[in-house]
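In: have a look; sequence and predicted model below, questions after that.
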Amino acid sequence: MSDERETREIRTDYLARVEGEGAMLVRVRGDEVEEVQFKIFEPPRFFEALLRGRQFTEAPDITARICGICPIAYIASSCNAMEAVCGIELPEQGRLLRRLIYCGEWIESHVLHTAMLHAPDFLGYDGAVEMARDRRDIVETALRLKKAGNELMRVVGGREVHPINLRVGGVYRAPSRAELRALVPELEWAREASLAFTRWVAGFDFPDFEQDYVFVALRQPGEYAIERGRIVTSTGLDIAVSEYEQHFTETHVARSNALHSTLAGVGNYLVGPLARYALNYPELSPLAREIAAEVGLGEVCRNPFRSIVVRAVETVYAADEALRIIAEYEPPDPPGVEAVPRAGTGHGCSEAPRGICWHRYEIDDAGTILDAKIVPPTSQNQKTIEEDLVGVVKQSLHLPDDELAHRCEQTIRNYDPCISCATHFLRLEVERT
Amino acid sequence: MRAAACLGSRFRGDDAVGPLVADRLRAAGAAVLECDDEPTRLLDAWAGLDLVVIVDAVSSGAAAGTVHRVEAGEGPLPRDLGLASTHAFSVPDALELGRALGRAPRRVVVIGVEGAAFGMGDPVTPEVEAALDGVAEAVLAELGEG
């Protein structure tokens, strides 16, 4: 009788101390996937409330606190939005400094994820600690790479965690040419090391799994979009950042507190490395395209498990691009453009390591923030992650519970979700009813 | 050399214990490594130090404001204190990774303060607030001992 078919339930709850932040639930009856839920923790909701009543110039520093791994994404998106509402344009050298520090963030974030959190999945280790005992060379290289990214953030941003040197209109103090040139030897090492790292991860054994994703990313002619651009999709949409809400909506999902982002007429979509790579491949530097070709990545990658390879290629690109910017660097003088507030609404977006991070602010003539809206990348990917889970579970029903659970964790880790983290999923439990 | 490593976020209720104790320790002139998100950053900062006193909020089920003291010894830090990071690496993981790579302090003492509220935007609970000065003194005593 169908009612008596075996039901398998795979569930994980986050840490006791942060209970309710998010959870994963997969319920399988017989060979049907009955339900998949992936809930995430959404700190931006709290920060939106915190921002109201604060000065427009405070938004970058406050939103930078949303995430210690990707503060630059929040700083850049909020600065873009405030510059738009004030009607100022960042001078070229100021923009390049913003792009440069963003390269540092891509390096440190991508390396932390790929080497320390994601790679152990493919090699059968519980985590980086276990991997470090066998593959100390890899972990040492990863830590040094990550440090190169952090150092770039420190020199441009004043300190590596929650940089303090960035502001609406530019920076407070422009680093000297000598300060940036001092970073060159380590960045040259990082570029070489990330090439080798790309070859290494490309050799992993990847599950045979592809999805027909709708990709969404920024695009800026002449560069691989990071700190600016228009929003484009693989369905042909090409819109200004200010038009985002006319096409993308967040819907409340009855069974959870989470909001799901959808693209009008399409449904769920994907942001992040796979989307950027598919939409902007021709804009990668020759070196990044070369290594992608060498490891057989192709120009579009639809296998989420291979996102680790795309992140590695983007790490090569970030080191390469940082070196290019430093070679041509002239300190902006003055270091920043004065932003005079005027009543209105401004929109800003940039490519966080995990995908587009979109901001909207309404301010008054005195520069007081009246309303704030932040759409982080992980919440945009949430529905797509659930669809991946459905597909992966269907494909993996033959696996015993513990292996199925691990495959589900791995599926979520493909997205480097900014929910905090790998170790949580290790607490995952499998229940049979 | 000895230092305190203070972990936590000022925006998350009792998780602010680390930063709030760090403020007090700095005022008293102690060496402080503050780390708000990502403990792998501690690996370079603490490598080779004689003693690191970790200050963090914990969640073990005890009454709010209870102060736990754990000496790390040779083995891993206990997991039942809930010394967990909201990010990729927990403190026990960072210590284990440091040991695997030969980048751990010689001695590690954990001063954990039991928290009750860890939500985004939660205030620090009165019980934890009341414990802060005593915790700072205890850390200074650890750092000052021969």
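Out: Now that the structure is in, tell me what you want to look at.

In: how deep is residue 52 tucked in, by neighbour count?
Out: Reading this off chain A. 13 (other CB atoms under 10 Å in any protein chain shown). The C-beta positions use only the backbone N, C-alpha and C, and glycine is treated the same way.

In: chain B was what I was after
Out: There are 27 residues near B:Val52, going by other CB under 10 Å.

In: how close does the closest residue to it other than its chain neighbours sit to B:Val128?
Out: Distance criterion CB to CB, 6 or more residues apart in numbering or on different chains; nearest residue to B:Val52, sequence neighbours excluded, is B:Pro105 at 4.1 Å. As for B:Pro105, its distance to B:Val128 is 26 Å (criterion: CB to CB, to the nearest Å).

In: try A:Ala405
Out: From A:Ala405 to B:Val128 the distance is 35 Å (CB to CB).

In: comparing these two, which shows the higher neighbour count?
Out: B:Val128 (26 against 22).

In: now do the same contact list for A:Ala148.
Out: Applying CB atoms under 8 Å, 6 or more residues apart in numbering or on different chains to A:Ala148 gives the contacts A:Ile107, A:Leu183, A:Glu186, A:Leu187, A:Trp189, A:Ala190, A:Ala319.

In: should've said A:Leu50
Out: With CB under 8 Å, 6+ apart, A:Leu50 has these contacts: A:Ile62, B:Gly121.

In: in which helix or strand does it reside?
Out: helix A:43-51 (DSSP states H and E).

In: send the alpha carbons of that helix over as CSV?
Out: This file holds the C-alpha atoms of helix A:43-51, laid out as CSV (Å, rounded to 0.1, in the frame of the first residue of the first chain):
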residue,chain,number,x,y,z
PRO,A,43,20.6,39.1,9.0
PRO,A,44,19.9,41.9,6.5
ARG,A,45,16.3,42.0,7.8
PHE,A,46,17.6,43.2,11.1
PHE,A,47,20.0,45.6,9.6
GLU,A,48,17.3,47.2,7.5
ALA,A,49,15.6,48.3,10.7
LEU,A,50,18.8,49.4,12.3
LEU,A,51,19.6,51.7,9.3
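
In: quick one: secondary structure of B:Leu132?
Out: Three-state call for B:Leu132 (DSSP: H, G, I helix; E, B strand; the rest coil): helix.

In: test my guess that it contacts B:Arg24.
Out: Yes: in this structure, B:Leu132 is within contact of B:Arg24 by CB atoms under 8 Å, at 6.7 Å.

In: who touches the helix or strand following the helix holding A:Leu50?
Out: In the C-terminal direction, the helix or strand that comes right after helix A:43-51 (DSSP H and E) is helix A:59-63. By CB under 8 Å, 6+ apart, the surrounding residues in contact with helix A:59-63 are A:44, A:47, A:50-51, A:54, A:74-75, A:77-79, A:81-82, A:162, A:164, A:166-168, A:359, A:361, A:369, A:372, A:374.

In: repeat the analysis, applying 6 Å as the threshold.
Out: Helix A:59-63 is contacted by residues A:Phe47, A:Tyr74, A:Ile75, A:Ser78, A:Cys79 when judged by CB atoms under 6 Å, 6 or more residues apart in numbering or on different chains.

In: what's the answer for stretch A:410-417, then?
Out: A:113, A:118, A:121, A:304-305, A:307, A:354, A:378, A:381, A:385, A:388-389, A:392.

In: nearest to chain B within the stretch 101-250 of chain A, name that residue for me.
Out: As assessed by CB to the nearest CB, chain B sits closest to A:Ala132 within the stretch 101-250 of chain A, at 4.1 Å.

In: quick check: that residue vs A:Asp416, distance?
Out: From A:Ala132 to A:Asp416 the distance is 20 Å (CB to CB).

In: host element of the residue lying closest to A:Arg177 once chain neighbours are set aside?
Out: Spatial nearest neighbour of A:Arg177, chain neighbours left out: A:Tyr329 (5.9 Å); criterion: CB to CB, 6+ apart. Assignment of secondary structure by DSSP H and E places A:Tyr329 within no helix or strand.

In: about what we covered before: min pLDDT across the contacts of stretch A:410-417, which one?
Out: On pLDDT alone, A:Thr378 ranks lowest of those, at 81.

In: for B:Ala57, what are its contacts?
Out: Counted by CB under 6 Å, 6+ apart, B:Ala57 has contacts B:Gly8, B:Asp14, B:Asp15, B:Val17, B:Val113, B:Gly115.

In: and with 7 Å instead?
Out: When contacts are counted by CB atoms under 7 Å, 6 or more residues apart in numbering or on different chains, B:Ala57 touches B:Gly8, B:Asp14, B:Asp15, B:Val17, B:Gly18, B:Val113, B:Gly115.

In: just confirm it is within a helix.
Out: No: counting by three-state DSSP, B:Ala57 is not part of a helix but strand.

In: before we move on, the earlier item: closest one to B:Gly61 out of the contacts of helix A:59-63, please.
Out: For the contacts of helix A:59-63, the residue nearest B:Gly61 by CB to CB is A:Phe47; the value is 29.9 Å.

In: which ones are touching the closest one?
Out: A:Ile62, A:Thr63, A:Ile66, A:Ile374.

In: thinking again about what came up before, I'd like the next helix or strand past the strand or helix carrying the residue of the stretch 101-250 of chain A closest to chain B.
Out: Per DSSP H and E, A:Ala132 falls inside helix A:128-134. Next helix or strand after helix A:128-134 toward the C-terminus (DSSP H and E): helix A:136-157.

In: which residues sit against the helix or strand following that next one?
Out: Downstream of helix A:136-157, the first helix or strand assigned by DSSP H and E is strand A:166-167. With contacts defined as CB under 7 Å, 6+ apart, strand A:166-167 is touched by A:Thr57, A:Pro60, A:Ile75, A:Cys79, A:Gly157, A:Gly336.

In: same check on stretch A:210-224?
Out: Against stretch A:210-224 from outside (CB under 7 Å, 6+ apart): A:225, A:228-235, A:263, A:266, A:269-271, A:274-276, A:278-280, A:283-284, A:302-304, A:317, A:349, A:351, A:356, A:384, A:387-388, A:391.

In: tell me the bridge partners for the residue nearest the centre of chain B.
Out: Closest to where the C-alpha atoms of chain B average out (CA atoms, centre = their mean) is B:Val55, at 2.1 Å. With DSSP bridges as the criterion, B:Val55 is bridged to B:Cys6, B:Ile111.

In: among the contacts of helix A:59-63, which has the minimum pLDDT value?
Out: Ranking those by pLDDT, A:Phe47 lands last with 83.
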